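K.L.:
Turn this into a structure:
(2 chains)
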Amino acid sequence: MLGISPSMALRFEVLARHNRARASRLTLPHYEALTPLFMPVGTQGTIKGLTNDQLEDLDCQIILGNTYHLALRPGADLLDTIGGLHKFMNWPRALLTDSGGFQMVSLLHLADITEEGVTFQSPVDGKPMLLTPEDSIQIQNKIGADIIMALDDVVKTTTTGPRVEEAMYRTLRWIDRCIAAHSRPHEQNLFGIVQGGLDPQLRDICLEGLVARNLPGYAIGGLAGGEGKDAFWRVVAQCTAGLPEDKPRYVMGIGFPLDIVVCTALGADMYDCVYPTRTARFGSALVSEGVLRLTHAAMATDYRPLDSSCTCMVCKRYTRAYLHTLVTKEAMGSQLVSYHNISHMMQLSRNLHSSILEGRFPDIHGGS
Amino acid sequence: MEFTVRACSGHGRVGSLRLASGLEFETPSLLMITRRGLPVVIPPEMLMDLHPDSRACQFTPMHFLEDPLAAVVAKAGGVHKLASLTGFAMVAVARDSLGNEIAGEEASNLGASFETSSGRRIVGLEKYMEVVNACKPDLWVSLPDEVPHWVPEKRNRESVDHTSQWLDHCLSLQHAEHGNRCLGVVVGAGSLEERARSAEQAATRNVAGFSLAGFGLGEDVAQRGFHLEVAIAKLPNDKLRHVCGLGSPEEVLQAVGAGIDLLDSTYPYMLTKECLAMTFPLKMEVPLRNADRDMQPTPDHGVASGFSLAKVNLRSATYGGGRIDETPLVTGCKCYTCKRHTKVYINQLLNSNETLAQTLLEIHNTYHYLEFFKAIRESIKADKFHEFRTWFTSQRVFGMTYDVSESFVA
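P.N.:
Numbering: from 1, shown residues only, chains lettered A, B, ... in the order given. Got it, this is the predicted structure:
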């Protein structure tokens, strides 16, 4: 039985196209965003050491919070009492929360998926616990993000066999439970997640099922997990072709700039990944030519900024040589590289949007 | 560089310091801590607007001794340009206040032992001045042979002799175009005679001011007072006085009361590391709360003492129940953190090991400490420094700090 189609709490207007790529305006309850956009991931809603002012200076439009971590600390009820994560963090722009399922499966001991939900061992006392679709939505309702994600049954793309099909059908059954449990459809947008592994038929069934539920937006899940690039593009292309034109499309877990450009060309609008901040902690900076390893000895005598085309605070003030001396010795070193890397991703987002808008999309990123 | 004493209250004085760069500020002044030229956790682009007085920093030349950083700072044209802190005062202090290492027992005629990036080594005069000249600080301390008060008399005498010879040697090696920026070191810990001798010698040199060393090494507080007094009595009134190693509020008050103008202090950062927020009142007119009067004072645990007013351990207790504290760290504080964030939020960041917690706490603690220094200056201008010091010390045992790592779900 189909769930009742939830109301939308967003407006999505395609402003320009180039072939399949679109430049759009995504109006959310807390913020009017321009897509394509990259969403930095902040486990507790903060992005590794960056202040709200810095995030605004960097033009971050939507930030991702992890439901699993937030539910543990400070807890959904505390956030509810305070009035939601926006108020708690004092973040004036948009937020997106994931369902909590993926983190559990990847982080927790003896996590298992049944028809009921995700069963796992409580990290606090080891007791068996269960996260159902209803639980996930209820927690996300309390967190209060502009966009919330359905609990899906996600399998690695390298998985083969009946498990992939089982997960896809379960995802469809769970979306109805998510829709039914969603108590704030006028304030929060529930996105469905397309599963089905690398199997085009399964993907088709899932697409059809989710589109019929008339959700505010859709995510393409289960990718970026070890599949080959060709398989990756193929699945994205198939999904964007099968999703409605007038709703946002979010490819989950994508952070390599090249992947973002290709997915945009295939018609996707939103991306998230821990990659930019994670790679900064290892002293790697994202630059127009690729990845710069600041720990490399050659950096010690390189007096150029990280990226000559970048206008961020770090590139205006500091040289590669100075950053090289900082990255292994001072926390401030990786902090500055994180700042630049986020700036790089935000600049990429802006470039994608404006190049599509101005009809010159294929010309950008000739090198990357 | 110009230093003019503007007001006095006892031996404490307010001065105005105008550096060769044109930057001008009032003393007594706090020098904020940097490492390799940058603040430890505060985003550098936030430093300028952190507080009206957040303009003066210390740095340790010992971090810049070796390549690649030695070459990088030279190529950049000094530490201001390297760290993009033009518009700030950068004061070179040999002693690494965060590392808290001093020369101690080892020294030779050629240099003293310091902790550097490549471990403990003897730093010679030529090398030290090479780094100082490459860094181009606004003020710099001469190479000290700094010893704690418990060393034998002979070693103490030797440290005074070394320090004086090295001051002359440093002066001979300073770049002429940088003008008079040297703070001549005064040592002598352990012996008031040696302290006086060291001060007398430094006083005759052509320096911008003096840096009193050998403090903050576990010496008796009263003894410290005598040493400060004895040294300063021998120093000219119209020159700057810096002290290293002293940083807590009581130490600041004692130093300022003796006539000190500049202090580099790690106190805000030490609190931040312990998840404590600085909350002590700054205005004499604010009466103690009745609840505070009934509290028992706690013994001094060193730098970060005081107790929190609501101690519930979030880690063991369950959430919920009771009031969630959505007030800022200090109500009415105008720092970046207090204008935007609540205790419950910062507590949450700390419990999640988020580095943003340190950033937000350090911004507040630095702001609060700069306000403390401002209150000190105001009291001197009103010729009420002694009253201020007495008031502060008497209310000091109540509610000095707020332990943000514990819950405030009361």
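
K.L.:
Close to chain B: what parts of chain A are there?
P.N.:
Chain A comes close to chain B at residues A:43-44, A:46, A:48-54, A:69, A:73-75, A:77-78, A:81-82, A:88-90, A:300-301, A:303, A:313, A:316-319, A:321-322, A:324-326, A:329-332, A:335, A:339, as judged by C-beta under 8 Å from any C-beta of the partner chain. C-beta: built from backbone N, CA, C; applies to glycine.

K.L.:
Buried ones from those, can you make that a PyMOL selection?
P.N.:
Remark: buried members of the residues of chain A next to chain B, expressed as a PyMOL selection using 16 or more other C-beta atoms under 10 Å in any protein chain shown:
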select buried, chain A and resi 43+44+46+48+49+50+51+52+54+69+73+74+75+78+81+82+88+89+300+313+317+318+319+321+322+324+325+326+330+331+332+335+339
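
K.L.:
those helices in the stretch 201-350 of chain B, which residues are they?
P.N.:
Assigned by DSSP state H, counting those that start in this stretch, the stretch 201-350 of chain B shows helices spanning B:221-233, B:249-258, B:267-273, B:290-294, B:336-340, B:343-351.

K.L.:
Mean pLDDT and distance to chain A for those helices - can I get that in TSV?
P.N.:
As requested, the helices of the stretch 201-350 of chain B are arranged in TSV below (pLDDT from 0 to 100; distance: least, C-beta to the nearest C-beta, whole Å):
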stretch	mean pLDDT	distance to chain A
helix B:221-233	95	32
helix B:249-258	96	26
helix B:267-273	91	12
helix B:290-294	44	25
helix B:336-340	96	5
helix B:343-351	86	5
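
K.L.:
In JSON lines, list those helices along with mean neighbour count.
P.N.:
Formatted as JSON lines, the helices of the stretch 201-350 of chain B follow (neighbours: other C-beta atoms under 10 Å in any protein chain shown):
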{"stretch": "helix B:221-233", "mean neighbour count": "18"}
{"stretch": "helix B:249-258", "mean neighbour count": "22"}
{"stretch": "helix B:267-273", "mean neighbour count": "24"}
{"stretch": "helix B:290-294", "mean neighbour count": "10"}
{"stretch": "helix B:336-340", "mean neighbour count": "19"}
{"stretch": "helix B:343-351", "mean neighbour count": "23"}
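
K.L.:
Out of those helices, the one nearest A:W233 is which?
P.N.:
Nearest of the helices of the stretch 201-350 of chain B to A:W233, taken as C-beta to C-beta: helix B:343-351 at 39.0 Å.

K.L.:
B:E274: neighbouring residues, count only.
P.N.:
Neighbourhood size, B:E274 [other C-beta atoms under 10 Å in any protein chain shown]: 15.

K.L.:
A:I260 against A:Q347, yeah?
P.N.:
No: the pair A:I260 / A:Q347 is not scored as a contact, 11.8 Å apart, by C-beta atoms under 8 Å.

K.L.:
and the two? which has more neighbours close in?
P.N.:
Comparing A:I260 with A:Q347 by other C-beta under 10 Å, the one with more neighbours is A:I260, at 25 against 21.

K.L.:
In space, what's closest to the more buried one - neighbours in sequence excluded?
P.N.:
Nearest non-adjacent residue to A:I260, counting by C-beta to C-beta, 6 or more residues apart in numbering or on different chains: A:Y271, 5.2 Å away.

K.L.:
what bridges to that neighbour?
P.N.:
A:F38, A:V251 (DSSP bridges).

K.L.:
Can you tell me how far it is from A:G242?
P.N.:
19 Å (C-beta to C-beta, to the nearest Å).

K.L.:
Looking at the two, which is more packed in?
P.N.:
A:Y271 (26 against 17).

K.L.:
ok, back up a step: I figured the residue nearest to A:I260 hits A:F38, correct?
P.N.:
Yes: at 5.0 Å, A:Y271 and A:F38 qualify as touching, with contact defined as C-beta under 8 Å.

K.L.:
and for those two, which residues touch both?
P.N.:
Contact with both A:Y271 and A:F38 is made by residues A:G255, A:I260, according to C-beta atoms under 8 Å, 6 or more residues apart in numbering or on different chains.

K.L.:
Go ahead and name everything in contact with stretch B:377-384.
P.N.:
Residues outside stretch B:377-384 that contact it (C-beta under 8 Å, 6+ apart): B:6-9, B:12-14, B:26-28, B:256, B:284, B:385, B:387-389.

K.L.:
rerun at 6 Å
P.N.:
Here stretch B:377-384 makes contact (C-beta atoms under 6 Å, 6 or more residues apart in numbering or on different chains) with B:A7, B:S9, B:G12, B:V14, B:E26, B:F385, B:F388.

K.L.:
Ok, stretch A:318-326 next?
P.N.:
For stretch A:318-326, the external contacting residues (C-beta under 6 Å, 6+ apart) are A:L294, A:M299, A:A300, A:D302, A:Y303, A:R304, A:G333, B:P68, B:L69, B:V72, B:L82.

K.L.:
any idea how far A:T319 is from the residue lying closest to the last one once chain neighbours are set aside?
P.N.:
This points to B:L82. Nearest non-adjacent residue to B:L82, counting by C-beta to C-beta, 6+ apart: B:A76, 3.9 Å away. B:A76 sits 7 Å away from A:T319 when distances are taken as C-beta to C-beta.

K.L.:
Kindly report the same for B:S352.
P.N.:
Note on B:S352: its distance to A:T319, by C-beta to C-beta, is 33 Å.

K.L.:
Within its sheet, name the partner strands of the helix or strand hosting A:A23 and how each one runs.
P.N.:
Applying DSSP states H and E as the criterion places A:A23 in strand A:21-27. According to DSSP bridges, strand A:21-27 forms sheet pairs with strand A:11-18 (antiparallel), strand A:32-35 (antiparallel).

K.L.:
Just the buried residues of the longest one, please?
P.N.:
Burial within strand A:11-18, assessed by neighbour count using 16+ other C-beta under 10 Å, is assigned to A:F12, A:A16, A:R17, A:H18.

K.L.:
In contact with the most centrally placed residue in chain A, which residues?
P.N.:
Nearest residue to the geometric centre of chain A (C-alpha atoms, centre = their mean): A:D272, 2.6 Å. Going by C-beta under 6 Å, 6+ apart, A:D272 touches A:M39, A:V41, A:L64.

K.L.:
try A:L210
P.N.:
Counting by C-beta under 6 Å, 6+ apart, A:L210 touches A:G192.

K.L.:
The lengthiest helix in chain B: which residues count as buried?
P.N.:
The helix spanning the most residues in chain B, taking DSSP state H as the definition, is helix B:355-381. Buried residues in helix B:355-381, counted by 16+ other C-beta under 10 Å: B:355-377, B:379-380.
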